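> Sequence first, then the predicted structure:
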Amino acid sequence: MFTLIKWLIAIAIFILALAVGAENAQPVTVNYLIAQKTFSVGQWLGIAFALGALLAFVVLGSLCWVQKRKINSLKRKLNAKNKDA
């Protein structure tokens, strides 16, 4: 149930970001090292939100993966100790 609430909050924030972006349709030019792009403020806001969500997913996912590996390793050690005892 808590996961559903988190997803609903994330969707609400994304919709709010789109609404704010729709009201700010001024073009913004961003210069990269080798290129230049012009998008509206709303598009940049959506891109920033998506990249932030992706970065958070990768970082937190890797942390969860490491913790699950540690838990499984400790469970195997505990099972080995219990068999010996």
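Alright, I've got the coordinates. Numbering: from 1, shown residues only.

> measure residue 55 to residue 80 for me?
Distance, residue 55 to residue 80, by CB to CB, to the nearest Å: 38 Å. Where you see a C-beta, it was placed from the backbone N, CA and C, and this is true even at glycine.

> same for the strand or helix carrying residue 6, what does it pack against?
Element membership for residue 6 (DSSP states H and E) is helix 2-23. Helices and strands in packing contact with helix 2-23 are listed as helix 41-84; criterion 3 or more CB pairs under 8 Å, 6 or more residues apart in numbering; DSSP states H and E.

> Which elements pack onto the helix it packs on?
In terms of contacts (3+ CB pairs under 8 Å, 6+ apart), helix 41-84 is packed against helix 2-23, strand 27-31.

> ok, now with 7 Å
For helix 41-84, the elements it packs on are helix 2-23, judged by 3 or more CB pairs under 7 Å, 6 or more residues apart in numbering; DSSP states H and E.

> Mind listing residues that contact the helix it packs on?
Where contact means CB atoms under 7 Å, 6 or more residues apart in numbering, the residues beyond helix 2-23 that reach it are 40-43, 45-46, 49.

> How about the residue nearest the centre of the chain: what's its closest non-neighbour residue?
With the centre of the chain defined as its mean C-alpha position, the nearest residue by CA atoms, centre = their mean is residue 53, 2.7 Å away. Leaving aside its chain neighbours, residue 53 sits nearest to residue 10 (7.4 Å; criterion: CB to CB, 6 or more residues apart in numbering).
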